[in-house]
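1. Predicted model follows, preceded by the sequence.
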Amino acid sequence: MIWETVRLALLALRRNKLRSALTMLGIVIGVAAVIAMVTVGQGSSRSVAASVESLGTNVLTVRPGGRGFGPGPASSGPTRPFTLRDADALAELPVIAHVSPTVSSLQTVVAGAANMSTSVTGATSGYLAVGGWTVVSGRGFDRSEDRASASVCVIGETVRRTLFGAADPVGRELRAGKVTCEVIGLLQAKGAGAFGQDQDDLVLMPIRTVQRRLLGSENVSSISVALAPEVSSQRGAREIEALMRDRRRIAEGAPNDFNISDRAQIAEVLTGINSVLTGMLSSVAAVSLLVGGIGIMNIMLVSVTERTREIGIRLAVGAEGRQVLTQFLVEAVVLSLVGGIIGVIVGLGLAFGASLYMAIPFAPQAYVVLMAFAFSALIGVMFGFFPARKAARLDPIDALRHE
Amino acid sequence: MSPAASRPPLIELADVCRVYGSGETEVRALDHTDLVIQQGEFVAIMGPSGSGKSTAMNTIGLLDRPSSGRYLFNGVEVQGLDRDQRALLRRHFLGFVFQGFNLLPRTSALENVELPLIYKGMPRPERIARARAALAKVGLEGREDHDPSQLSGGQQQRVAIARALVGDPMVILADEPTGNLDSHRSHEIMKLLQKLNREDGITIVMVTHEDDVAAYARRLVIFADGRIRSDSAMAERATA
Ligand SMILES: Nc1ncnc2c1ncn2[C@@H]1O[C@H](COP(=O)(O)OP(=O)(O)OP(=O)(O)O)[C@@H](O)[C@H]1O
Ligand SMILES: [Mg+2]
């Protein structure tokens, strides 16, 4: 008898193609929307997490000048710059693993007929370690080049593509302002940074070269440090602050005339923005689920009259209420299952397409799929089953007369 | 009437009322009606529109429940039965032809006729064979796959008749079974009912507005205002 009931249910679904299709559409929309939104949300979280990681863990940056923003008195008087001696002193601290003092200068860079405008960064051998860069071709600076104003440079992927095309740039020459240098290394591409900036648009030269030949100044604009493993950024910041206050002879109680920024703070802000975004996506998804649910409800309610008459006919020819109800339940379950499965496929497909387009990881989540599925099944069964249960309790003649 | 002493009547309505609404709008569709029908009878019910004929048929057919009074089916007090027990009685003993046909929409004639057999738990091949035979009896061979919207009113009526007789019921209750048929078809259907009555011993209760249709029955009950105005035996009509 159960197979007979399943057969009856399938027949009924086939007879009412439009109603079945519309009900299923409601379920598909609900399920697909939730799965797509949450999957994309998860993907973008992961992508932010990856960007945060690429900022480098445990990296602090020290800049001359008082606090850029926030409460507290700004430093008074002209800003005292850093020099390479400050970087050397920081390198002596046991909590610090690598030091990378930098300066930068905006230049037009020329190689053969190609040219571009980019920022030329004066760096030392510590730069690659602090920034987490890998050299894919050639080499980075060595320590001997830190103090000499050698005419060499290391370039990023974007600069390579613009100036040299697909060719290996190592050994070629480029001119930045009045400095002509030999390309000794090419950096592995990092892609867009946490704020969408192109991290591969860079030219590195030994810091002395930039200071003397491009800027004409001994100043260092910022010093980034990578802390030794197991050193917390709070402890690192405390030790750096003590050392710098001592070197700059800042009286006790007087404010710092430099600031230390911690990348963990940036990461926090980014993660915060991302969780707001994920929350928004989730509420949009919840609304789609609701809209899908209301669609199903409408179709079911509109067809109640016809279905009530059908129940009346079945009861009149001798069906028991239970048999009619089982048929309706099977119908609702089949619709929800098929709609749910199509919804899952469509949802994952949309999420996959969107992830490709937005270049974020594709992150399907089993619990979301299950939840969306369960919710739509619940709605489908509720609105298919409860009106039927009401009708099956009527006297056949009242069900037949239903308007 | 000559009730067989040993056997309870098949249908016995005793002091049955069916009241719709209440107060000002109260309608007494059946007003203290008594009616006894023995097994094997062929009864025609006539009367003006609104006199309670369909209400009586629905009550007898266990589709509706009386507001008061007793109904005994084959000696069993039907008021005491629950929904499922009434469904079982309909399933095994009753065949109903509705005044408005009540076929399942978008469902072929064959599947409509097959429906009562499904609930009898009959295997599918047998069901299909029986449903085809029933459709052939009412002259609808070749229309098995048409659904109601592709059939004329008379054809739909014949599908409804086929559905009522397909399960070999003890009683066929037919509410104006020839209402939409031309007189040639009407006589064919009446001959079919007469044959079912005579050869298979099926009890037939039928509502009609036409005297020559009623003439096939052997008893005529006339309703007026929810009461039985007259109840008389009729001379048997010779079969042509
Ligand atoms: N569901 C209902 N609600 C209220 N009144 C009803 C209902 N069904 C029938 N009636 C009333 O009961 C009375 C008897 O109706 P019934 O359908 O039994 O008449 P009938 O003799 O079959 O008439 P017809 O020959 O037109 O089919 C009518 O006055 C009708 O208006
Ligand atoms: Mg009537």
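-> Done, it's in. Ligands and ions are numbered 1, 2, ... in the order given.
2. Near chain B, which residues of the stretch 251-400 of chain A? Just list them.
-> A:306, A:309-310, A:312-323, A:393, A:395-398, A:400 (Cβ under 8 Å from any Cβ of the partner chain). For every residue, glycine as well, the C-beta is placed using N, CA and C.
3. ok, of those residues, which come out buried?
-> A:309-310, A:312-321, A:323, A:395-398, A:400 (16 or more other Cβ atoms under 10 Å in any protein chain shown).
4. So which of those residues belong to helices?
-> Applying DSSP state H to those, the entries found in helices are A:309-310, A:312-316, A:321, A:323, A:396-398, A:400.
5. Show the end-to-end separation of stretch B:140-149, please.
-> Stretch B:140-149 has its terminal residues 15 Å apart, counting by Cα to Cα, to the nearest Å.
6. what sits against residue 204?
-> In the absence of a named chain, chain A is used. Residues counted as contacts of A:Leu204 (Cβ atoms under 8 Å, 6 or more residues apart in numbering or on different chains) are A:Val120, A:Thr121, A:Gly122, A:Ala123, A:Tyr127, A:Phe141, A:Cys153, A:Val154, A:Ile155.
7. Please refer instead to chain B.
-> By Cβ under 8 Å, 6+ apart, the neighbours of B:Ile204 are B:Glu41, B:Phe42, B:Val43, B:Val171, B:Ile172, B:Ala174, B:Leu193, B:Leu196, B:Asn197, B:Ala217.
8. if you set the cut-off to 6 Å instead, what comes out?
-> B:Phe42, B:Ile172, B:Leu193, B:Asn197 (Cβ atoms under 6 Å, 6 or more residues apart in numbering or on different chains).
9. do the same with A:Leu128
-> Applying Cβ under 6 Å, 6+ apart, the residues contacting A:Leu128 are A:Gly140.
10. Show me where chain B has its helices.
-> Under DSSP H, chain B gives helices at B:53-60, B:83-93, B:109-119, B:124-137, B:153-165, B:183-199, B:211-214.
11. Now tabulate those in CSV and tack on mean neighbour count and mean pLDDT.
-> CSV is the format used below for the helices of chain B (neighbours: other Cβ atoms under 10 Å in any protein chain shown; pLDDT from 0 to 100):
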stretch, mean neighbour count, mean pLDDT
helix B:53-60, 24, 96
helix B:83-93, 18, 95
helix B:109-119, 25, 96
helix B:124-137, 17, 96
helix B:153-165, 24, 93
helix B:183-199, 17, 91
helix B:211-214, 17, 94
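12. who wins for proximity to ligand 2 among these?
-> Shortest distance between ligand 2 and those, using Cβ to the ion, is found for helix B:53-60: 3.1 Å.
13. If you count contacts, what does the closest one end up packed against?
-> Counting contacts by 3 or more Cβ pairs under 6 Å, 6 or more residues apart in numbering or on different chains; DSSP states H and E, helix B:53-60 is packed against strand B:171-175.
14. close to ligand 1, is the strand it packs on?
-> No - residues of strand B:171-175 contacting ligand 1 under Cβ under 6 Å from any ligand atom: none, with a closest distance of 7.2 Å.
15. what pLDDT, on average, does that strand get?
-> Within the predicted structure, the mean pLDDT of strand B:171-175 is 96.
16. which intervals of chain A have sub-threshold pLDDT?
-> When residues are selected by pLDDT under 70, those of chain A lie in A:1, A:53-57, A:67-78, A:194-195.
17. where do the helices sit along it?
-> Under DSSP H, chain A gives helices at A:2-15, A:17-54, A:84-92, A:127-131, A:143-147, A:157-164, A:207-209, A:233-247, A:263-302, A:304-316, A:321-358, A:366-392, A:396-400.
18. quick one, the second one and helix A:2-15 angle?
-> Here helix A:17-54 points in a direction 90 degrees away from that of helix A:2-15 (axes from the mean of the first three to the mean of the last three Cα atoms, to 10 degrees).
19. what does the longest one give?
-> An angle of 90 degrees separates the directions of helix A:263-302 and helix A:2-15 when computed by the same axes, to 10 degrees.
20. helices or strands next to helix A:263-302 in the packing?
-> helix A:17-54, helix A:366-392.
21. Just send these back as a markdown table, with mean neighbour count too.
-> Conversion of these to a markdown table gives the following (neighbours: other Cβ atoms under 10 Å in any protein chain shown):
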| stretch | mean neighbour count |
| --- | --- |
| helix A:17-54 | 21 |
| helix A:366-392 | 19 |
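22. and A:Ala332, which of those is closest to it?
-> Across the helices and strands packed on helix A:263-302, A:Ala332 has its closest neighbour in helix A:366-392 (3.1 Å, Cβ to Cβ).
23. and the closest one, what does it pack onto?
-> Using 3+ Cβ pairs under 6 Å, 6+ apart: helix A:366-392 touches helix A:17-54, helix A:263-302, helix A:304-316, helix A:321-358.
24. What is the shortest one packed up against?
-> For helix A:304-316, the helices and strands in contact under the criterion 3+ Cβ pairs under 6 Å, 6+ apart are helix A:366-392, helix A:396-400.
25. Dump these into CSV; add distance to ligand 1 as well.
-> Below are these laid out as CSV (distance: least, Cβ to the nearest ligand atom, whole Å):
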stretch, distance to ligand 1
helix A:366-392, 16
helix A:396-400, 8
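26. Let me have those in JSON lines, adding distance to B:Asp31 as columns.
-> Output for these, formatted as JSON lines (distance: least, Cβ to Cβ, whole Å):
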{"stretch": "helix A:366-392", "distance to B:Asp31": "30"}
{"stretch": "helix A:396-400", "distance to B:Asp31": "19"}
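27. Tell me which of those helices approaches ligand 2 most closely.
-> The nearest among the helices and strands packed on helix A:304-316, by Cβ to the ion, is helix A:396-400 at 11.9 Å.
28. now for the closest one, which elements pack on it?
-> Helix A:396-400 packs on helix A:304-316, going by 3+ Cβ pairs under 6 Å, 6+ apart.
29. So what's the gap between the helix it packs on and the chain middle?
-> 53 Å (Cα atoms, centre = their mean, to the nearest Å).
30. is any part of it close to ligand 1?
-> No - using Cβ under 6 Å from any ligand atom, helix A:304-316 stays clear of ligand 1, coming no nearer than 12.9 Å.
31. A:Asn259: how many residues sit nearby?
-> Using other Cβ atoms under 10 Å in any protein chain shown, A:Asn259 is surrounded by 18 other residues.
32. Please tell me how far it sits from A:Glu241.
-> 10 Å (Cβ to Cβ, to the nearest Å).
33. Over to A:Phe385?
-> For A:Phe385 relative to A:Glu241 (Cβ to Cβ), the value is 68 Å.
34. and what of A:Val95?
-> According to Cβ to Cβ, A:Val95 stands 12 Å off from A:Glu241.
35. How about A:Thr278?
-> A:Thr278 is 36 Å from A:Glu241, by Cβ to Cβ.
36. Would you mind giving the domain segments of chain A?
-> A:2-51+A:268-401, A:100-221 (automatic domain parsing).
37. would you list those in JSON lines and tack on distance to B:Ala136?
-> Shown next, in JSON lines, are the domains of chain A (distance: least, Cβ to Cβ, whole Å):
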{"stretch": "domain A:2-51+A:268-401", "distance to B:Ala136": "20"}
{"stretch": "domain A:100-221", "distance to B:Ala136": "77"}
